[in-house]
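Asks: Provided below for reference: sequence and predicted model.
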Amino acid sequence: MRSLVDGLPPDIAQQIHADWRKNEAEYWAQREQLLVQYRDQWVGFANGRVIVSGRRPVEVFHKAHQSGQHPFVTCVGREFEPNRMRTAFSYDTTYAGEPLPVVAAEFRKGPDTQGHTFDRVIADTGADASAVPWADCELLQLDPADGTPGLMGGVAESAFPTLIFPAWVILDGRPYACRLQADFAGRERILGRDVLNQMDVLFRGPAAQVVINP
């Protein structure tokens, strides 16, 4: 089975923790048995067993990483389905430019750590998870050894390697857990449903405003 690490940039791939590689290999060795109990569920797998499972990927992802065991996190039976990012589609430039719903959001490595605020983050209900360019990840001092290799792509069949980090977004003064994907090719910052589904969001189109927890 081809490892998810293989598609990452070589300088990033060599920094992936050895325990994650071991957990990935052991997951695939047990995958047929896991399908019986966990099909279509998200699991965190480490040291030969499932350490957390559930339906919400952001909750499973954070709980699994709290173990410090560099878990392999995946949806059982859908391991190679990428996190879909609707913004991967090209815009139709024949239309007059429609405003993008953007917010200012602070991203942090941990809920109580020093973060960095970005003032143009697209609130995208079509994105499974949040994403920022790799340069932003470096700014946030995210260590590839703490990341989980994965796939991201558009609604079409395209898929691109990514690293996913347990991170936090501060909005309206409140911290929200997120699955932060590193985009090695794009430049947009995306706030996905991993965060948006945890809050009330009002899109006021005519006023060109996004209101958090109105």
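Replies: Now that the structure is in, tell me what you want to look at.
Asks: rest of the way, CA atoms for contacts and neighbours
Replies: OK.
Asks: Can you name every helix or strand that the longest helix belonging to the chain contacts?
Replies: The longest helix of the chain (DSSP state H) is helix 18-38. If you count contacts as 3 or more C-alpha pairs under 8 Å, 6 or more residues apart in numbering; DSSP states H and E, helix 18-38 packs onto strand 42-46, strand 72-75.
Asks: Identify each buried residue in it, please.
Replies: Buried residues in helix 18-38, counting neighbours by 16 or more other C-alpha atoms under 10 Å, are found at 19-27, 34, 38.
Asks: Then stretch 103-114?
Replies: Neighbour counts over stretch 103-114 (16+ other C-alpha under 10 Å) mark 103, 105-109, 111 as buried.
Asks: residues making contact with it?
Replies: 115-123, 140-142, 166-171, 175, 210 (C-alpha atoms under 8 Å, 6 or more residues apart in numbering).
Asks: what do you get for stretch 49-63?
Replies: Stretch 49-63 is contacted from outside by 27, 38, 41-45, 64, 73, 166, 177-179, 194, using C-alpha under 8 Å, 6+ apart.
Asks: and the worst-scoring helix or strand of the chain on mean pLDDT, which strands flank it?
Replies: The weakest-scoring helix or strand in the chain, judged by mean pLDDT, DSSP states H and E, is strand 83-84 (a mean of 80). According to DSSP bridges, strand 83-84 forms sheet pairs with strand 148-153 (parallel).
Asks: ok, and what's touching whatever helix or strand comes next after the strand it pairs with?
Replies: For strand 148-153, the following helix or strand on the C-terminal side (DSSP states H and E) is strand 160-171. Strand 160-171 has contacts (C-alpha under 8 Å, 6+ apart) with 4, 7-8, 61-62, 65, 82, 104-111, 142, 144, 146-153, 175-184, 195, 212.
Asks: Just the buried ones among the residues you listed, please.
Replies: 4, 7-8, 61-62, 65, 82, 105-109, 111, 142, 144, 146-153, 175-184, 195.
Asks: Domains in the chain, by residue range?
Replies: The chain breaks down by automatic domain parsing into domains covering 4-78, 100-212.
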